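> only the shape, not the letters, is given here:
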DNA sequence: CTAGGTGCAAATAGTTTGCAACTAC
DNA sequence: GTAGTTGCAAACTATTTGCACCTAG
């Protein structure tokens, strides 16, 4: 798959892709930590470069979940929309089917194609909502 | 309004709030530039501190629109959802009413209260979609 | 007068880039 | 062998913090 592009399959790339899959969604730094547990010497720079590459290949995507760093997640499994609680920072996922009507309406009315993989909703989760 | 909190009304604060209203949505840096046109000496630090303050007071909010810096916009006018084209970077707005069903469903099914002001959808706008 | 604000400089955090050493193919 | 990769250090950009000076009330 990499080879078909004239690119090389290296240990680092495998580890990083694996880490993204294991973590589900993670910042570059979290990926770095995960990878380091297996191969200590891997540099953060490589994480960035590889994530960018994997994204180009369509193997992962990223979303911006409030706090600075972007969050990467594998593309393979079904699309999912992130729900981020701004109080407890928990990230959960929802079925994109719920957003279907909205997405269809936007495409029809304005010709805007929503990228579901990058979609994130901020708000307050049940637990935090109860407290307040 | 500020005074009721024991805070002071300064020229900088007025200018910054005004800039956010004028710009509609802008990054801290854009606000800085706008403010500087009127009062050259204002420091970027003050922009950050004031935006944070204004957010606490509920006068502005911010959203994360892909690229690093957050985007601030006034809270006063009706809520609006941002549509960000990942190709041409254009930011437009949509009527939050379109998202109502989704929001209601989430509240009912999972108790998740979506913060509409922070909502942003990424994708491809009509113009860029045509080209590809 | 004095608590709250501001500017400045330095510290941090996150990300990118140049380059020499390294290795998959 | 060689082009693609990586690690390291340095450069950047975005944001935060400490502190002395300043000013609205």
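That came through, no problem. The model shown is predicted, which means the values in this text are computed figures rather than measured ones.

> chain A against chain B: which residues are in contact?
Proximity of chain A to chain B, by C-beta under 8 Å from any C-beta of the partner chain, involves residues A:64-66, A:68, A:83, A:85-86, A:92, A:94, A:98-99, A:101-102, A:105-106, A:110-115, A:118-126, A:129-130. From N, CA and C alone the C-beta is placed, and that goes for glycine too.

> return a ChimeraX selection command for the buried portion of the residues you listed.
Those of the residues of chain A next to chain B that count as buried under 16 or more other C-beta atoms under 10 Å in any protein chain shown are selected in ChimeraX with:
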select /A:64,65,66,83,85,94,99,102,105,106,112,113,114,115,118,119,120,121,122,123,124,125
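
> ok, and the closest non-adjacent residue to residue A:73?
residue A:25 (4.1 Å; C-beta to C-beta, 6 or more residues apart in numbering or on different chains).

> in strands, which of the residues of chain A next to chain B fall?
Those of the residues of chain A next to chain B mapping onto strands are A:64, A:83, A:85, A:92, A:94, A:113, A:114, A:120, A:121, A:122, A:123, A:124, per DSSP state E.

> what residue ranges in chain A score low on pLDDT?
A:77, A:131-132 (pLDDT under 70).

> near DNA strand D, which residues of chain A are found?
For chain A, the residues in contact with DNA strand D (C-beta under 7 Å from any atom of the strand) are A:2, A:6-8, A:10, A:12-13, A:41-43, A:45-46, A:49-50, A:68.

> in PyMOL, how would I select the buried members of these?
Of those, the buried ones can be selected in PyMOL as follows, counting by 16+ other C-beta under 10 Å:
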select buried, chain A and resi 2+12+13+42+46+50
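
> farthest pair in the residues of chain A next to DNA strand D?
Greatest spatial distance among these (C-beta to C-beta): A:6 and A:68, at 34.0 Å.

> could you tell me the end-to-end distance of stretch A:55-68?
19 Å (C-alpha to C-alpha, to the nearest Å).

> repeat for stretch A:73-93
Chord length of stretch A:73-93, first to last residue, is 12 Å (C-alpha to C-alpha).

> what residues does it touch?
Stretch A:73-93 is contacted from outside by A:17, A:20-21, A:24-26, A:58-63, A:65-67, A:71, A:94-96, A:98-99, A:116-117, A:119-125, A:127-128, A:132, B:106, B:110, B:112, B:115, B:118, using C-beta atoms under 8 Å, 6 or more residues apart in numbering or on different chains.
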